[in-house]
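Q: No letters, just coordinates:
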């Protein structure tokens, strides 16, 4: 989801201002706008316009963002801005006005102040497609009471401890297949190692895992041959992320008006994603008609919601497709970043330059890519199981990065 994060909230206030609240007696409502009242000392909350940053000329900022290849270098740009303006700064790129937060403590203050109906981030590209096709918004895009009622139902079916127990066998099966695939590739190489663009493999692993849990069926992405229908689904997801990026800063309505390729691609991508959901729903109903009741395997979130019959089919379809997009994006990118940080730790020890798994490009550009040159199973790795050679990371008998003690903060935190 390109640039959606806990930092990008419509309005928030610096920690120092929050501390002033206690002294000045300023109160806040659950909405985005602070409710200001004077204390006995006469002090007030600082106005929104005093938040430092680059927000006075969105068009100029968009040009500079494009000149700096901002989609690929967003992390560098944000780091520079945080160093320049402090832990909270305001930014306007094109039509997109936002406030960025880097300190987890400040984000916690913001989330606690959101109230029962938080004002949720509106992804204009996604909502514009749904309006164009007259489709329902899912739980990631809804607000207010409608979001709350959907979220309460999904809480029980998606994130309750009882339901999470059903996910473990499905995820374990995909994980075992992923491990088996890597070992098979190592054996086939004849060199006791496998050199590949690992970002592609992590993307397929994330999509296979999420599809198994949500749709209750495997796509076969751990196989050497991928079914054309599954490949089309992958292409649609990749295209959806890629076409979302420019519409974060350029109004989708304008791109639609001029018939821009980014808009056409976006419509085509979401059409394919929703068609996949339609096909899965048809399969579920077909299986339910022939089910004798002997099957005890968890059928997936989609089937569970359909059988629960508390949401309309269109509401279910909308929420499941959005959960799929958020789950693949967050899972894939987090693994790429963790893989990079794992390589960086080894690079510090060896004095080499770590190479990313293509995660940054895949994230911002919407498709997994980059030349990671990742080597798995190299027999010449040292006793720690890792070594660096010519800027590439070679990992002996190591399939995934060590997630222990890896504190990864990504810019995409999908909160549904």
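A: Nice, I can see it. Since this is a predicted model, take the numbers as computed values, not measurements.

Q: Pull out the buried residues from stretch 284-300.
A: The neighbour-count check on stretch 284-300 (16 or more other CB atoms under 10 Å) flags 284, 298, 299, 300 as buried. For glycine as for every other residue, the C-beta is placed from the backbone atoms N, C-alpha and C.

Q: per-residue pLDDT, the second one?
A: Per-residue confidence (pLDDT) for residue 298: 85.

Q: For the closest residue to it other than its chain neighbours, give its distance to residue 309.
A: The spatial neighbour of residue 298 that comes closest, neighbours along the chain excluded (CB to CB, 6 or more residues apart in numbering), is residue 166 at 3.9 Å. As defined by CB to CB, to the nearest Å, residue 166 lies at a distance of 19 Å from residue 309.

Q: The two: who's more crowded?
A: Residue environment comparison for residue 166 versus residue 309 gives the larger neighbour count to residue 166, 16 against 9, counting by other CB atoms under 10 Å.

Q: How are the helices of the protein distributed by residue range?
A: Using DSSP state H, the helices of the chain run over residues 15-24, 58-67, 70-85, 104-112, 124-132, 144-154, 161-189, 198-215, 228-244, 252-258, 261-290, 301-308, 313-350, 359-365.

Q: Just give me the lowest mean pLDDT stretch among those helices.
A: The stretch with the lowest mean pLDDT among the helices of the chain is helix 359-365, at a mean of 38.

Q: What about residue 156, how many residues nearby?
A: A count of nearby residues for residue 156, using other CB under 10 Å, gives 13.

Q: per-domain residue ranges of this structure.
A: Using automatic domain parsing, the domains assigned to the chain come out as 1-119, 153-395.

Q: okay, these in TSV with distance to residue 131 next?
A: Formatted as TSV, the entries for these read as follows, by distance: least, CB to CB, whole Å:
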stretch	distance to residue 131
domain 1-119	17
domain 153-395	9
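
Q: contacting residues for residue 299?
A: Shown in contact with residue 299 (CB atoms under 8 Å, 6 or more residues apart in numbering): 216, 284, 287, 307.

Q: between those, which is nearest residue 158?
A: Checking the contacts of residue 299 against residue 158 with CB to CB, the nearest one is residue 216 at 13.4 Å.

Q: Spell out which residues sit in contact with that closest one, please.
A: With CB under 8 Å, 6+ apart, residue 216 has these contacts: 280, 284, 298, 299, 300, 301, 302, 303.

Q: ok, now residue 212?
A: By CB under 8 Å, 6+ apart, the contact list for residue 212 reads 170, 171, 173, 174, 218, 300.

Q: same thing with residue 51?
A: 14, 88, 89, 90, 99.

Q: Of those, which pair is most distant in space?
A: Taking every pair in those and measuring CB to CB, the maximum separation is 10.8 Å, between 14 and 90.

Q: do you know how far residue 151 is from residue 277?
A: Noted for residue 151: a distance of 19 Å to residue 277, by CB to CB.

Q: Which of those two has more residues huddled nearby?
A: Between residue 151 and residue 277, counting by other CB under 10 Å, residue 277 is the more crowded of the two (19 against 15).

Q: Just name the most buried of the domains of the chain.
A: Among the domains of the chain, the stretch with the highest mean neighbour count (mean count of other CB atoms under 10 Å) is domain 153-395, at a mean of 18.

Q: How far off centre is that one?
A: Centre-to-centre, domain 153-395 and its host chain are 11 Å apart (CA atoms, centre = their mean, to the nearest Å).

Q: So that it lines up with my notes, have the first residue be 718 from now on.
A: Got it, the first residue is 718 from now on, which makes the last one we talked about domain 870-1112.

Q: Looking at the contacts of residue 933, which one is closest to residue 778?
A: Top of the list for closeness to residue 778, among these and by CB to CB, is residue 1018 at 39.8 Å.

Q: list the contacts for the closest one?
A: Applying CB under 8 Å, 6+ apart to residue 1018 gives the contacts 874, 875, 930, 931, 932, 933, 1037, 1040.

Q: Return the member of these nearest to residue 783.
A: When those are compared for distance to residue 783 (CB to CB), residue 1040 comes out closest, at 31.8 Å.

Q: For that closest one, which non-adjacent residue is spatially closest?
A: Sequence neighbours aside, residue 931 is the residue nearest to residue 1040 in space, at 6.1 Å (criterion: CB to CB, 6+ apart).
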